[in-house]
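A.B. asks: sequence first, then the predicted structure:
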Amino acid sequence: SVPFQSPRKVVKKVLSLSQSEGQGATVRRSIGGHEVRNLDPFLLLDEFSVSKPGGFPDHPHRGFETVTYMLDGVFTHQDFSGHTGTIRTGDVQWMTAGRGIVHSEMPAADGVQKGLQLWINLASKDKMIEPRYQELESKDISQAEKDGVAVRIIAGEAFGVRSPVYTQTPTMYMDFTMQPGSQLHQPIPEGWNAFVYIIEGEGVFGKEGAAPASAHHCLVLSAGDGLSVWNRSGAPLRFALAAGQPLNEPVVQQGPFVMNSRAQIQQAMEDYYYGRNGFEKASQWSSA
Ligand SMILES: Nc1ccc(F)c(C(=O)c2c[nH]c3ncc(Cl)cc23)c1F
Ligand SMILES: [Fe+3]
């Protein structure tokens, strides 16, 4: 039995397949792929794997947020304002691009560097705000553990613990590891869109009789007030759970620009090209 008024069920299961992206990088794209075009307010979820000299060299963003969560390895990022940083296993970089960022995101160690990058759309009223970063080292990430379930809370609240991350677009984003035989009942605000991305292992999501789902699958959830999960396998189950308040606004995307109209996209492209309205520093900058 589950403790929710209306338990969320899996309404779509998508296996994310590897595709090349950036320079010499491989991503498994789930949200933002052709099967899950747009789960408002989420635009993209990539499970990325990349080794030197590959990566994501100098590129712009406007109108949304990127959340980079390192699963295994080290990345450095540099932006056109001189902001640099290194994110290691378990660290999070929550970047609110707002009116404009130009940055590079590159491997900073030998071997394959792996992580998740989630793109969260901004409401039209927020698309041109000043860029900002919220950077969390692994040791500073809110964590909790109960009855064989460990959670790392990137944004939102679980097990009575809340992350300090400010979410411009109301969002929850957490990393669960469930030991064999454990179960989870996680409240999710009604009206928010929600999905699961399985990182490793396999588990039963939504209702007890559901078929298990395994790694690299994205599970889009139905409406409801919470998600129940059971790990009936002999190995740990690890997955990310994300949920966000829909913006219910038009989405017009041209690569790294996500606005509400073609005219605003045209403006973004001109601003980037001519170095205006937030892209002033773009013309003189390139990453090291
Ligand atoms: N426009 C556009 C086009 C192509 C890109 F590859 C990118 C981009 O940078 C990324 C796509 N997924 C990613 N996962 C992880 C990291 Cl660190 C970066 C990206 C981008 F922004
Ligand atoms: Fe980027």
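C.D. replies: Happy to help now that I have it. Residues are numbered from 1 along each chain as shown. Ligands and ions are numbered 1, 2, ... in the order given.
A.B. asks: I'd say residue 238 and residue 200 touch.
C.D. replies: Yes: the criterion here is Cβ atoms under 8 Å, and residue 238 meets it with residue 200 at 4.7 Å. In this view, the C-beta of every residue, glycine as well, is placed from N, C-alpha and C.
A.B. asks: which residues of the stretch 101-250 of the chain lie near ligand 1?
C.D. replies: Contacts of the stretch 101-250 of the chain with ligand 1, taken as Cβ under 6 Å from any ligand atom, map to 105, 117.
A.B. asks: let's see 8 Å
C.D. replies: Selection of the stretch 101-250 of the chain residues close to ligand 1 by Cβ under 8 Å from any ligand atom yields 105, 115, 117.
A.B. asks: now neighbour count too, for those, in TSV please.
C.D. replies: Below are those laid out as TSV (neighbours: other Cβ atoms under 10 Å):
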residue	neighbour count
105	27
115	24
117	21
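A.B. asks: can you redo those residues as JSON lines with distance to residue 178, secondary structure and pLDDT?
C.D. replies: Formatted as JSON lines, those follow (distance: Cβ to Cβ, whole Å; DSSP: H, G, I helix; E, B strand; the rest coil; pLDDT from 0 to 100):
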{"residue": "105", "distance to residue 178": "30", "secondary structure": "strand", "pLDDT": "98"}
{"residue": "115", "distance to residue 178": "21", "secondary structure": "strand", "pLDDT": "98"}
{"residue": "117", "distance to residue 178": "24", "secondary structure": "strand", "pLDDT": "98"}
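A.B. asks: returning to that earlier point: between residue 238 and residue 200, tell me which one has more neighbours.
C.D. replies: More neighbours surround residue 238 than the other of residue 238 and residue 200, with 19 against 14 (other Cβ atoms under 10 Å).
A.B. asks: that one belongs to a helix?
C.D. replies: No: under DSSP: H, G, I helix; E, B strand; the rest coil, residue 238 sits outside any helix and is assigned strand.
A.B. asks: what segments of the stretch 51-200 of the chain are helices?
C.D. replies: Using DSSP state H, counting those that start in this stretch, no helices are found in the stretch 51-200 of the chain.
A.B. asks: where does pLDDT dip in it?
C.D. replies: Along the stretch 51-200 of the chain, the model assigns pLDDT under 70 to no residue.
A.B. asks: ok, and the closest non-adjacent residue to residue 43?
C.D. replies: Leaving aside its sequence neighbours, residue 43 sits nearest to residue 119 (Cβ to Cβ, 6 or more residues apart in numbering; 4.0 Å).
A.B. asks: could you report the neighbour count for the one you found?
C.D. replies: For residue 119, the count of nearby residues is 21 (other Cβ under 10 Å).
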